[in-house]
Structures are given as structure tokens and as C-alpha cells.
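# Got a sequence here, can you model it:
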Amino acid sequence: MTLIAIDGPAGAGKTTLAAKLERDFAANKSVTVIHMDDLYAGWLNALDANLTARLDEIVQAHNAQRDITIDIFNWASMSFDSTRTIHASELLIIEGVGAGQRIVRQGGAKLYWLDIEPSVGLARVLARDGVEIQTQMKQWQIDQDLHFSRDLTRNYADHILTS
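Numbering: from 1, shown residues only. Predicted coordinates for the structure are as follows:
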């Protein structure tokens, strides 16, 4: 296993699971974690074809064991204003809403899906990131559900965990 995708609704604990897996695997191999929050182009149209293209480039680079430089989104300035070089590693973990989409699964990812009730997920995100994003998060929940229904992500999960 060289590629893990961790997907599911906002607030389900994807980042926490990614950190645990990173700690567990890092004792024996080089591990890189990519957070989808760094790849989204803001709130609107985040789960679009541009994101899929970025994921495809990342997965192809990982599978070819070559470095890739990616643009990083800054949520304060609402723009891509920095870059990160992802060095070839033995294990790549991609976590966040949309991480387990078809292009990543086709790249050989083992997919973890985390379930959570929408109201609990929303409460967790607002507690973590602040109530000022409540309007955006409610729309995000609609957008992520639409993405999941089109991609059927959960149906392809190798592991399903419930929060």
C-alpha cells in the first residue's frame, strides 16, 4: 500500500485519522500527508474539475516516485499564494472531502471513508474553525453531498468508520 485516501463529510475526523496513520507508518517508511484544504480554490466550486486535475497530477507524480510542486490555498487571503514541494515518499496520504474520488482510486488508493451525522459534523467544524463560517459550511455540506452522490465515493471504500 503506497497511497491512502481518507474521505467523508466535513467534521468526520479525517485529519485526526491521517495524523494517526502517519505516526503509525512513519516508523518504517517515509510518509507524506496532503490536506485537501490546501488544494481547494476557496468555498465556491472547490470540488470541481480543477481539483480533480490537481489530484491526478499528485497521484501520477507519487506513483512515478517523482517530486511535484503544488499551489497552496490561503484561506485568509482567499488565493493560492504559496507552493509546497511534495517529495517522493513511500506512502502518500491524501485526506479531506474529495480525497477519495475516482481519479485517486484509479491511481491505486486504499480508501478510508468516515461517516458522521451532518449536524454533528457541522458542530465539530464550527467549534474548530469558528461560527463565522456557518453559512459557508451549510452550503459546503450541500456541495459535498452532491459530490459524493455523483462520485459514489462511499460505495468504493475499503474501510468504513463511523464517528
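# if you go through the protein in chain order, where are the strands?
Remark: strands assigned in the chain by DSSP state E are 3-7, 31-35, 68-74, 79-86, 91-95, 110-115, 159-162.
# Quick one: list the elements packing against the fourth one.
For strand 79-86, the contact count by 3 or more Cβ pairs under 8 Å, 6 or more residues apart in numbering; DSSP states H and E identifies helix 49-63, strand 68-74 as packing neighbours. (Each C-beta comes from the backbone N, C-alpha and C, glycine too.)
# again, but for the first one
With contacts defined as 3+ Cβ pairs under 8 Å, 6+ apart, the packing partners of strand 3-7 are helix 14-26, helix 49-63, strand 91-95, helix 102-106, strand 110-115.
# Other residues contacting it?
For strand 3-7, contacts defined as Cβ atoms under 8 Å, 6 or more residues apart in numbering pick out 14, 17-18, 21, 59, 62-63, 91-101, 104-105, 107-114, 153, 157.
# In the protein, where is pLDDT below threshold?
Low-confidence segments of the chain, defined by pLDDT under 70: 1.
# among the strands of the chain, which is the most enclosed?
Of all the strands of the chain, strand 3-7 has the most neighbours on average by mean count of other Cβ atoms under 10 Å, namely a mean of 27.
# give me every residue that touches the residue nearest to the spatial centre of the chain.
The chain has G96 as the residue nearest its centroid, 2.4 Å off, counting by Cα atoms, centre = their mean. With contacts defined as Cβ under 8 Å, 6+ apart, the neighbours of G96 are I6, D7, K14, T15, H35, M36, D37, L39.
# how close does it get to H147?
Separation of G96 from H147 (Cβ to Cβ, to the nearest Å): 12 Å.
# distance of T32 from A64?
T32 is 14 Å from A64, by Cβ to Cβ.
# buried stuff in the longest helix along the chain?
If you go by DSSP state H, the chain has its longest helix at helix 134-151. For helix 134-151, a neighbour-count test (16 or more other Cβ atoms under 10 Å) marks M137, W140, Q141, D143, Q144, H147, F148, D151 as buried.
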